[in-house]
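Novice: I would like to see how this sequence folds:
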Amino acid sequence: MMAAASAVALAAPLTGQTVGEDEDVAGSLNIPKDITVFGNRDPNVRTATAIVNGTIITQTDIDQRLALVVAANGGRIPDEEVERLRLQVLRNLIDETLQIQEAAAQKVEVTKEEVQQTYDRVASNFRKSPRDFAKFLREKGSSESSIKRQIEGEAAWRRVLSRRVEPFVAVSDEEVNAIIARLQAAKGANEYHVGEIFLSATPESMGAANDNANRIIDQIRKGASFAAYARQFSEASTAAVGGDLGWVRAEQLPEQLSAVVTTLGSGQISAPIAVPGGYSVILLIDKRQVLGVDPRDATLLLKQLTVTFPPGSTQAQATPKVQAFAAGLKDIRGCGNVAEVAAKIGADVVNNDQMRIRDLPPQLQDMMLGMQVGESTPPFGSLTDGVRALVLCGRDDPAPSNGPSFDQIQSQIEQERVNRRAQRYLRDLRRDAVIEYR
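Specialist: Coordinates of the predicted model:
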């Protein structure tokens with residue numbers, strides 16, 4: 001599917017002013033190069049709370065929202081990174097407050113029942129009841145009210161956009177038909193599933209934004225969630241969906257991003273990319289061919305064998321069991337005797353008949369493409385997660401694709417334009433806000 005172009009370019013305004021015009025306005029300040037600063041501002045002193053148009057953001061608000069970010073990243077965040085996240089959380093809460101206030105000004109209401117329904121769905125995603133999820137949040141240092149406020153802010157902002165922006169966005173049939181024609185012409189070309197984190201910057205703050213981007217990249221490469229960081233740090237409207245740009249062709253992206261995306265492997269994150277207005281960091285989630293049949297879309301019928309180890313087991317203690325597991329795999333003669341082999345080697349068996357090749361880890365995808373029915377993978381895994389092997393019991397190859405429909409393409413173009421205007425809308429709210437830091 002085609003998707004909205006990069007959120008870096010999403011700065012089209014409600015009033016018609018362009019990013020270039022914004023830059024001209026900044027240039028008209030005519031600040032001399034040699035200046036004397038009267039008074040001191042210690043860069044090591046950071047304000048912790050704020051009052052936004054009369055609405056107080058407390059230290060508790062910040063701590064509880066920060067706990068959500070830390071929990072979303074498995075708690076694997078260094079202390080120095082936590083302090084930087086705290087400042088970002090405050091900026092996010094300010095934006096969230098502005099969005100909720102604008103919704104109230106536009107008489108847009110999000111009921112408590114709607115917030116609760118969404119909260120219940122989030123709890124179910126964690127495989128917990130609402131009550132157990134509230135307990136889980138408290139254990140992590142957050143609260144039910146903190147996540148509900150975030151839910152309310154996102155829902156309120158979507159409704160503001162549906163009232164103030166979306167009715168004024170139009171996509172003609174000619175535009176959609178032109179894209180369909182280009183898709184047909186590009187059949188067989190590569191397209192990319194891309195995630196993006198966009199950090200805005202002025203010419204004077206580009207260095208700091210670059211450093212910030214590099215810290216984010218370092219955390220993600222260490223195992224932090226790209227989507228979680230995108231939700232908290234990205235200043236593009238796609239932050240609400242974890243920075244997901246969907247499927248795009250390289251030429252649909254801004255030139256700076258298109259030059260990089262083609263060099264990335266699946267699952268690889270880029271270095272900071274300088275773009276107009278700041279820096280972007282992109283993640284190549286996946287790659288496929290336009291209107292092509294990708295063998296990685298094949299659906300597999302698998303049996304998974306797993307052996308686990310007691311907590312605290314050493315490599316030396318686990319090695320005999322791993323060796324016995326690998327030797328037992330050689331006795332597999334198709335899926336019919338998997339249960340028998342598993343019983344001999346003390347392995348658990350799980351069936352899965354809806355696994356696509358592309359949903360497997362990259363290391364296993366190429367292996368599966370070359371496997372025949374009845375064959376097994378070599379053992380893989382770890383001491384903590386267990387050692388596993390997959391046995392291929394069947395494969396359903398994908399049907400040829402006709403590409404996205406007219407309505408899908410039209411919807412995606414509309415969303416791109418809404419995203420552009422939404423970013424400018426929020427910039428205007430920030431500009432006009434009365435914010436007191438304490």
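Novice: and stretch 416-430, average pLDDT?
Specialist: Stretch 416-430 carries an average pLDDT of 88.
Novice: I should have written stretch 193-213 there, sorry.
Specialist: Mean pLDDT, stretch 193-213: 92.
Novice: Now do it: distance from first to last residue.
Specialist: Start-to-end span of stretch 193-213 (C-alpha to C-alpha, to the nearest Å) is 21 Å.
Novice: what's the answer for stretch 50-59, then?
Specialist: Counting by C-alpha to C-alpha, you get 9 Å between the two ends of stretch 50-59.
Novice: Give me the distance between that stretch and the centre of its chain.
Specialist: 28 Å (C-alpha atoms, centre = their mean, to the nearest Å).
Novice: In this structure, mark out all the helices, start to finish.
Specialist: Using DSSP state H, the helices of the chain run over 19-27, 59-72, 79-105, 112-125, 130-139, 144-164, 173-185, 206-221, 226-233, 255-261, 315-329, 338-345, 362-369, 406-432.
Novice: Pull out the buried residues from the fourth one.
Specialist: Think helix 112-125. Across helix 112-125, burial judged by 16 or more other C-beta atoms under 10 Å covers V115, T118, Y119, A123. Quick note: C-beta positions are derived from backbone N, CA and C, even for glycine.
Novice: do the same with the fifth one
Specialist: Going by neighbour count (16+ other C-beta under 10 Å), the buried part of helix 130-139 is F133, A134, L137.
Novice: about what we covered before: okay, the helices of the chain in a markdown table with distance to P295 next?
Specialist: Formatted as a markdown table, those follow (distance: least, C-beta to C-beta, whole Å):
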| stretch | distance to P295 |
| --- | --- |
| helix 19-27 | 42 |
| helix 59-72 | 34 |
| helix 79-105 | 40 |
| helix 112-125 | 31 |
| helix 130-139 | 40 |
| helix 144-164 | 38 |
| helix 173-185 | 21 |
| helix 206-221 | 29 |
| helix 226-233 | 26 |
| helix 255-261 | 22 |
| helix 315-329 | 24 |
| helix 338-345 | 24 |
| helix 362-369 | 6 |
| helix 406-432 | 24 |
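Novice: Go through those and name the closest to D397.
Specialist: Nearest to D397 among these is helix 362-369 (11.2 Å), distances taken as C-beta to C-beta.
Novice: how close does R430 get to T97?
Specialist: R430 sits at a distance of 11 Å from T97 (criterion: C-beta to C-beta, to the nearest Å).
Novice: and what of R131?
Specialist: Following C-beta to C-beta, the distance that separates R131 from T97 is 28 Å.
Novice: Comparing R430 and T97, which residue is more hemmed in?
Specialist: T97 (24 against 13; other C-beta atoms under 10 Å).
Novice: The more buried one touches T55, doesn't it?
Specialist: Yes: if you go by C-beta atoms under 8 Å, T97 and T55 touch, sitting 5.2 Å apart.
Novice: from the buried residues of helix 112-125, which two are the most distant?
Specialist: Across the buried residues of helix 112-125, the longest distance by C-beta to C-beta is 12.5 Å; it joins V115 and A123.
Novice: Tell me how many other residues surround A170.
Specialist: By other C-beta under 10 Å, the residues close to A170 number 10.
Novice: Need phi/psi at it.
Specialist: Phi and psi for A170, reported as degrees, to the nearest 10, are phi -130, psi 140.
Novice: where in this protein is pLDDT low?
Specialist: Counting by pLDDT under 70, the ranges of the chain that qualify are 1-48, 75-76, 401-402.
Novice: on that earlier part again, okay, and the common contacts of T97 and T55?
Specialist: Among the neighbours of T97, none is also in contact with T55 (C-beta atoms under 8 Å, 6 or more residues apart in numbering).
Novice: Now for A103: which residues touch it?
Specialist: By C-beta under 8 Å, 6+ apart, A103 lies in contact with E109, V110, A156, W157, R159, V160.
Novice: List buried members of these by neighbour count.
Specialist: So, by 16+ other C-beta under 10 Å, the buried ones in those are V110, A156, W157, V160.
Novice: unless I'm mixing things up, the third one is touching T97, no?
Specialist: No: using C-beta under 8 Å, W157 and T97 do not qualify as a contacting pair, with a distance of 11.2 Å.
Novice: What distance do you get for A298 to P398?
Specialist: 6 Å.
Novice: what touches both of these two?
Specialist: With C-beta under 8 Å, 6+ apart, A298 and P398 have no common neighbours.
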